[in-house]
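Chemist: Can you look at this prediction? I've put the sequence above it.
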Amino acid sequence: MTDSQGSTHGTAPTPPGNPVFATPAGTRTAADVVTPDLVARLTRGVTGSGRTANHTPFTGEKLADLPESTPEEVAEAYEAARAAQQAWAATPVRQRAAVLLRFHDLVLRRQAEVLDLIQLETGKARLHAHEEVQAVALAARHYGRRASAYLRPKGHTGVVPTLTKVTELRQPRGVVGQIAPWNYPLELSVGDALPAFVAGNAVVMKPDTETALTALWARELLIEAGLPAGVWQVVLGEGPVVGPAVVRHADYVSFTGSTRTGREVAQAAAARLVGCSLELGGKNAMLVLSDADLDKAAAGAVRGCFSSAGQLCISIERLYVHESVADAFLERFAARTRAMRLGTALAYGADMGSLVSERQLENVVRHVEEAVAKGATVVAGGRPRPDVGPLFHEPTILDGVEAPMAVCAEETFGPVVSVYRFSDEDDAVERANATPYGLNASVWTRDGRRGRALAARLRTGTVNVNELYAAAYGSVQAPMGGMGDSGLGRRHGSEGILKYTEAQTVAQQRLIPLGPSFGLDDAQYAAFMSRSLRVMKALRLR
């Protein structure tokens with residue numbers, strides 16, 4: 001029996017769920033955005049004789065029919081890419097970089113188009129979709145401005161100073177095979193491809209089928225900005241079918257996805273003696289120290305835990321809070337989390353969108369239900385919201401999580417965070433590091449020096465002090481990537497472009513050879529070189 005408020009007599013009332021953002025009148029719909037003309041235009045460059053389709057997580061409805069590639073057609077795409085790459089590599093670096101700068105302007109000018117596509121294909125809120133626009137614009141501007149400096153020939157001291165002239169050149173690898181995921185379909189497709197292009201490579205990309213329109217939109221804009229169409233080939237299909245073919249023909253592999261699949265990609269690349277970069281999973285920690293600004297930390301935690309419904313490799317899933325401020329912090333964090341508005345509108349206003357698939361929803365529900373069954377407490381959220389959409393789940397805070405609950409160690413990749421209390425910072429660092437992953441971390445304190453010192457003790461590729469992920473990720477001059485099971489290689493900065501090149505050393509010997517000459521016999525030459533080496537050390541030559 002229930003009372004007028006819907007609660008069961010004799011039990012605690014069910015707290016109200018997250019509010020729903022009302023779609024403004026006149027907001028575009030999927031039918032307005034994904035028209036037959038758009039699909040035909042974007043798929044024109046896809047190599048594929050089969051048929052597949054993608055769907056929107058908001059409703060589960062089909063968005064578009066798409067070409068599907070066979071392994072043989074992947075090989076054809078590589079042939080076309082290789083044919084186009086030679087002329088592209090011969091194009092001066094500054095001209096290649098100018099393409100990126102024009103693309104930067106086009107993306108910002110026409111961002112409304114791609115924001116609609118990102119939302120429809122991923123189900124994320126519009127502000128979270130805009131993070132992708134920001135990230136791509138940052139990468140395009142950075143490599144558009146800095147590529148010439150990264151790639152210019154560099155002189156080095158030769159074995160015999162002044163007599164040995166040494167130059168380091170950077171040659172493109174050829175054709176890069178890229179496998180891009182569904183969660184950030186603009187940033188993790190074209191954002192990762194931009195440095196490969198400006199370094200003189202062609203790319204054969206396999207975006208996730210469910211988010212292919214976003215990547216294809218980016219391809220269309222980059223071609224409009226001046227990239228030769230043949231330099232960027234796109235293939236579509238099931239990962240286990242098309243993915244191995246992409247790796248099989250590549251001169252270098254760029255992969256973002258799960259750690260399990262990343263290991264398979266690394267093994268396949270290693271068997272062919274080609275390099276690879278892998279951004280994989282994470283179980284990222286946020287540390288709230290005793291002197292943290294709790295209001296700012298709580299607001300930051302909402303962004304860091306629930307952006308894109310937690311479907312972000314660098315989002316926070318473990319929250320360590322000093323026991324002296326834990327209750328006060330949790331009160332603030334829970335209030336903000338409960339107030340988050342869920343929504344499906346192609347407009348700004350919703351605070352969180354949908355999960356992307358039934359598989360993601362099932363994993364979130366499994367982690368939450370198992371934790372509660374073993375004694376954890378739901379502080380906020382905790383349940384699916386089919387009233388909003390078939391794949392919606394409330395942003396969820398769990399307290400009292402302990403091993404062996406699955407949510408304690410497994411990556412959830414959804415809007416769920418577990419709260420843990422600590423009394424000693426050394427213990428907090430040890431617990432934060434007690435994971436095979438090492439992608440991202442966050443530290444909150446009013447003392448910047450203290451925060452940076454603690455950050456240096458965390459075994460993650462990036463650490464943000466008084467921010468969650470955007471400060472490090474958005475600082476594109478600095479490298480970003482993972483340690484341990486979170487991956488190999490880095491994006492951004494010099495490493496993000498030089499990985500797409502082969503270093504070539506050209507050494508010219510002048511006047512005298514590096515061998516017995518001028519009448520010296522072997523013993524005399526050896527003695528001469530020994531004296532020369534001692535002199536060069538004394539002169540502090542490097």
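Modeler: Thanks, I have it.

Chemist: give me every residue that touches the residue nearest to Gln477 when sequence neighbours are not counted.
Modeler: Take Gln477 and drop its neighbours on the chain: the residue closest to it by C-beta to C-beta, 6 or more residues apart in numbering is Gly493, 5.3 Å away. For every residue, glycine as well, the C-beta is placed using N, CA and C. By C-beta atoms under 8 Å, 6 or more residues apart in numbering, the contact set of Gly493 is 476-480.

Chemist: What of Val417?
Modeler: The neighbours of Val417, taking C-beta under 8 Å, 6+ apart as the test, are 301, 305, 310, 316-319, 396-398.

Chemist: secondary structure element for it?
Modeler: strand 416-422 (DSSP states H and E).

Chemist: Now do that strand: distance to the chain's middle.
Modeler: Its chain's average C-alpha position is 24 Å from that of strand 416-422, according to C-alpha atoms, centre = their mean, to the nearest Å.

Chemist: and the following helix or strand past that strand with strand 416-422, angle?
Modeler: As assigned by DSSP H and E, the chain's next helix or strand after strand 416-422 is helix 425-433. Angle, helix 425-433 to strand 416-422, by axes from the mean of the first three to the mean of the last three C-alpha atoms, to 10 degrees: 150 degrees.

Chemist: Show me what Tyr420 bridges to in the sheet.
Modeler: Tyr320 (DSSP bridges).

Chemist: so it touches His322, yeah?
Modeler: No - counting by C-beta atoms under 8 Å, Tyr420 sits too far from His322 to count as a contact (10.7 Å).

Chemist: Return the member of the contacts of Val417 nearest to Glu264.
Modeler: Using C-beta to C-beta, Glu317 comes nearest to Glu264 of the contacts of Val417, at 23.9 Å.

Chemist: That closest one belongs to a strand, doesn't it?
Modeler: Yes - counting by DSSP: H, G, I helix; E, B strand; the rest coil, Glu317 is found in a strand.

Chemist: Contacts only, for it.
Modeler: 282-285, 305, 310, 407, 411-412, 416-418.

Chemist: Same question for Ile397.
Modeler: 330, 333-334, 337, 378-381, 417, 419.

Chemist: Next, it: secondary structure please.
Modeler: strand.

Chemist: Any idea what it is bridged to?
Modeler: Ala380, Val417.

Chemist: Tyr348 too?
Modeler: In beta-bridge terms (that is, DSSP bridges), Tyr348 pairs with Ala350.

Chemist: Ser442 should be in a helix, yeah?
Modeler: No - assigned with three-state DSSP, Ser442 falls outside any helix and is strand.

Chemist: Against Val242, how distant is it?
Modeler: For Ser442, the distance to Val242 equals 36 Å [C-beta to C-beta, to the nearest Å].

Chemist: swap in Ala456?
Modeler: For Ala456, the distance to Val242 - C-beta to C-beta - is 41 Å.

Chemist: same deal with Gly310?
Modeler: For Gly310 relative to Val242 (C-beta to C-beta), the value is 27 Å.

Chemist: Give the residue from these two that has the larger number of neighbours.
Modeler: Neighbour count, other C-beta atoms under 10 Å: between Gly310 and Val242, Gly310 has more, with 25 against 22.

Chemist: which residues touch the more buried one?
Modeler: Per C-beta under 8 Å, 6+ apart, neighbours of Gly310: 317, 395, 412-417.

Chemist: Could I get the buried residue list for the lengthiest helix in the chain?
Modeler: Taking DSSP state H as the criterion, the chain has its longest helix at helix 126-151. The neighbour-count check on helix 126-151 (16 or more other C-beta atoms under 10 Å) flags 126-144, 146-147, 150-151 as buried.

Chemist: Can you list the strands that whichever helix or strand comes after that helix pairs with?
Modeler: Next in sequence after helix 126-151, counting helices and strands by DSSP H and E, comes strand 154-157. Paired strands of strand 154-157, with direction, are strand 164-172 (antiparallel) (DSSP bridges).
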